[in-house]
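Peer 1: Predicted model and sequence below, questions to follow.
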Amino acid sequence: MESIPKILIVDDEKNIGFLLETFLKREGYEPFYVSTGQEALKIFDKQPFDLVLLDIKMPDIDGIELLKEFKRKRSNINVIMITAYPSIETAVEAMREEAFDYINKPLDLEELKQLIERALAREKKVSKTKVFHYGNIVARSPAMLRILETLPKIASTKANVLIMGESGVGKEIIAHAIHSLSPRSDKPFVTVNCAGIPETLLESELFGYKKGAFTGATTDRMGLFQSAHKGTLFLDEIGDLSLTLQVRLLRVVEEKRFKPLGSTQEIEVDIRLISATNQDLEQKVTAGQFREDLYYRLNVIPIRVPPLRERKEDIPVLVEHFLKKYSKELGKEVPKISSSALSFLMEYGFPGNVRELEHIIERCVALETGNIILPESLVISDFKKKKHLLKEEAQLPSEGIDLEKKLAQIEKGLILEALKRSKGVKKEAAKLLNLSFRSFRYKLQKHGLNKIDNNE
Ligand SMILES: Nc1ncnc2c1ncn2[C@@H]1O[C@H](COP(=O)(O)OP(=O)(O)OP(=O)(O)O)[C@@H](O)[C@H]1O
């Protein structure tokens, strides 16, 4: 079933806003009108709009600034600019900031209708290969897109969510997105890591204590349950929670109230619980290590995040995302990744999932001096790399291969890499490959690369 396209209208002239709202409803869309830039930014974070109609002249935030902000938040959002003062400069600027198009006031509704249809058709065309940007989350794999598309709906309910997946797949970032999309977004998002904290400490962290509850409790302390009141509590590594704490947690989940340690008074809380685990909780339930009743209470909406090796389409977009992120942080120009380095990453198994990829790219950006990332810049533990390369070298598909062709491909790849690294200086490229200039030139010819217009 196709959903009705949601369109955000941003215009300080209320009569135009209402006119557009009525018009779009009549055309079968779901419009949402706001009259200020501030409101627009707020609502944009909460709803998955398909298109934005944006007035270029806004009193509180300039339309172009808003456009930039929308694009920063979701680079693939289609925005049509509305302008009362047609000027080449503003139109050019809007297009430079990647607005879909612009339309002049007084509005020609027929023209607008066609523009909207074109913009939405483009959205549909690219949706199969689109890169999803939500806040800090980027994804392209169908598996992740399916998960991300459900988040606004999940966020609009109060149901508890259990996110399952290996370490580093992005469970916390998803939990955070659910919170930001929810009506609780302006209330706290509190994270608790249930692993590695001794039971008694975790208990006092979660529930807080009264002064004198135990030796060392010199003042009252508010627990995390209370800090998350009206907001979201994210319980990471829930599988590590002791059976005693599971009982206490179950009570809070069921009764929405609890007593801090040493207190006789109950505190009522209104929290949405999102839990995460990298363990097989069902198996823990069977083994008697996790309470079944608690499991069902926490797992009202399950989200299973696949490991990165099962959604390789995400690797290139994540690489690009992290390259930009860390170049910006370090004040460097964004480097490009060579095709050989990218293919290495595409083949790699990422036992540490997205976190591992993020660290690899962070290190690369920090250490890289050139503007192209080569396979050797990827600091993956040597052991893993060697094992991986050996596997690569020894791979022979069951149907066999055309050895000559394969070797020629490898040769061409290495020649291109050498040329890149030597910035096109052929003599240096030849040196990198331990070839005489003559045989290097011969090989360029053989691979049809002799047209490369570079200095020798
Ligand atoms: N789709 C994504 N887009 C951008 N960044 C991501 C994505 N997925 C994960 N990350 C980044 O990878 C790192 C690990 O993600 P996160 O902490 O959410 O994983 P996790 O599954 O909760 O890990 P753990 O089980 O170890 O707690 C974070 O820095 C996060 O920002």
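Peer 2: In hand now; what should we look at?
Peer 1: For the closest residue to Ser185 other than its chain neighbours, grab the count of nearby residues.
Peer 2: Excluding its sequence neighbours, the residue lying closest to Ser185 (C-beta to C-beta, 6 or more residues apart in numbering) is His179, at 6.3 Å. Heads up, the C-betas are built off the backbone N, CA and C, glycines and all. When neighbours are counted by other C-beta atoms under 10 Å, His179 registers 21.
Peer 1: what's the following helix or strand after the one helix or strand in the chain whose mean pLDDT sits lowest?
Peer 2: None of the helices or strands of the chain scores lower by mean pLDDT, DSSP states H and E than helix 382-394, at a mean of 48. As assigned by DSSP states H and E, the chain's next helix or strand after helix 382-394 is helix 403-421.
Peer 1: so what secondary structure elements neighbour that following helix?
Peer 2: Judged by 3 or more C-beta pairs under 8 Å, 6 or more residues apart in numbering; DSSP states H and E, helix 403-421 is in contact with helix 339-347, helix 426-432, helix 437-446.
Peer 1: Give me the angle between it and helix 339-347.
Peer 2: Angle, helix 403-421 to helix 339-347, by axes from the mean of the first three to the mean of the last three C-alpha atoms, to 10 degrees: 120 degrees.
Peer 1: Now helix 403-421: buried residues?
Peer 2: 412, 415-421 (16 or more other C-beta atoms under 10 Å).
Peer 1: Nearest to the ligand: which residue in this protein?
Peer 2: The nearest approach of the chain to the ligand comes at Gly170, 2.7 Å away (C-beta to the nearest ligand atom).
Peer 1: Chain neighbours aside, what residue packs nearest to that residue?
Peer 2: Val354 (5.3 Å).
Peer 1: just checking, the one you found touches Leu308?
Peer 2: Yes: checked against C-beta atoms under 8 Å, the pair Val354 and Leu308 is within contact range at 5.7 Å.
Peer 1: Which one of these two is surrounded by more residues?
Peer 2: Leu308 (28 against 25).
Peer 1: Across the sheet, point out what pairs with the closest residue to Arg272 other than its chain neighbours.
Peer 2: Counting by C-beta to C-beta, 6+ apart, Thr232 is the residue found nearest to Arg272 once chain neighbours are left out, at 4.7 Å. Assessed by DSSP bridges, Thr232 has beta-bridge partners Phe189, Arg272.
Peer 1: Give me the number of neighbouring residues for Thr232.
Peer 2: 24.
Peer 1: show me what contacts it?
Peer 2: 175, 178-179, 182, 184, 187-190, 271-274 (C-beta atoms under 8 Å, 6 or more residues apart in numbering).
Peer 1: At the contact with the ligand, which residues of this structure appear?
Peer 2: 136-139, 165, 167-173, 236, 276, 278, 318, 321, 354-355, 358 (C-beta under 6 Å from any ligand atom).
Peer 1: related to what we said a few turns ago, so for the host helix or strand of the residue nearest to Gly170, mean pLDDT?
Peer 2: If you go by DSSP H and E, Val354 is part of helix 353-367. The average pLDDT for helix 353-367 rounds to 91.
Peer 1: quick one, that helix and helix 339-347 angle?
Peer 2: 160 degrees.
Peer 1: Touching the helix or strand following helix 353-367 from outside, list them.
Peer 2: Going down the chain from helix 353-367, the next helix or strand is strand 372-373, by DSSP H and E. With C-beta under 8 Å, 6+ apart as the test, strand 372-373 has contacts from 323, 335-338, 341, 364, 420-421.
Peer 1: try 7 Å
Peer 2: Applying C-beta atoms under 7 Å, 6 or more residues apart in numbering, the contact partners of strand 372-373 are 335-338, 341, 364, 420.
Peer 1: Including distance to Ser398, could those residues go into JSON lines?
Peer 2: JSON lines is the format used below for the contacts of strand 372-373 (distance: C-beta to C-beta, whole Å):
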{"residue": "Pro335", "distance to Ser398": "38"}
{"residue": "Lys336", "distance to Ser398": "36"}
{"residue": "Ile337", "distance to Ser398": "31"}
{"residue": "Ser338", "distance to Ser398": "30"}
{"residue": "Ala341", "distance to Ser398": "28"}
{"residue": "Cys364", "distance to Ser398": "35"}
{"residue": "Lys420", "distance to Ser398": "34"}
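Peer 1: Strands along the stretch 51-200 of the chain, start to end?
Peer 2: Here the stretch 51-200 of the chain has its strands, by DSSP state E, counting those that start in this stretch, at 51-55, 78-83, 101-104, 132-134, 137-139, 161-164, 189-193.
Peer 1: Tabulate those (CSV), appending mean neighbour count.
Peer 2: Formatted as CSV, these follow (neighbours: other C-beta atoms under 10 Å):
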stretch, mean neighbour count
strand 51-55, 24
strand 78-83, 22
strand 101-104, 17
strand 132-134, 20
strand 137-139, 21
strand 161-164, 24
strand 189-193, 18
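Peer 1: Any chance of the ones you listed in CSV with mean pLDDT as columns?
Peer 2: Shown next, in CSV, are the strands of the stretch 51-200 of the chain (pLDDT from 0 to 100):
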stretch, mean pLDDT
strand 51-55, 94
strand 78-83, 88
strand 101-104, 82
strand 132-134, 68
strand 137-139, 91
strand 161-164, 94
strand 189-193, 92
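Peer 1: Columns distance to Gln226 on top of those strands, output as TSV?
Peer 2: What follows is the strands of the stretch 51-200 of the chain, written out as TSV (distance: least, C-beta to C-beta, whole Å):
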stretch	distance to Gln226
strand 51-55	39
strand 78-83	42
strand 101-104	50
strand 132-134	29
strand 137-139	29
strand 161-164	21
strand 189-193	10
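Peer 1: got any ranges where the protein has weak pLDDT?
Peer 2: 1-3, 85-93, 95-97, 123-133, 379-397, 450-456 (pLDDT under 70).
Peer 1: any idea how it splits into domains?
Peer 2: Structurally, the chain divides into domains by automatic domain parsing as follows: 6-127, 137-304, 310-395, 400-456.
Peer 1: From the opening residue of the longest one to its closing one, how far?
Peer 2: According to C-alpha to C-alpha, to the nearest Å, domain 137-304 extends 16 Å from its N-terminal end residue to its C-terminal end residue.
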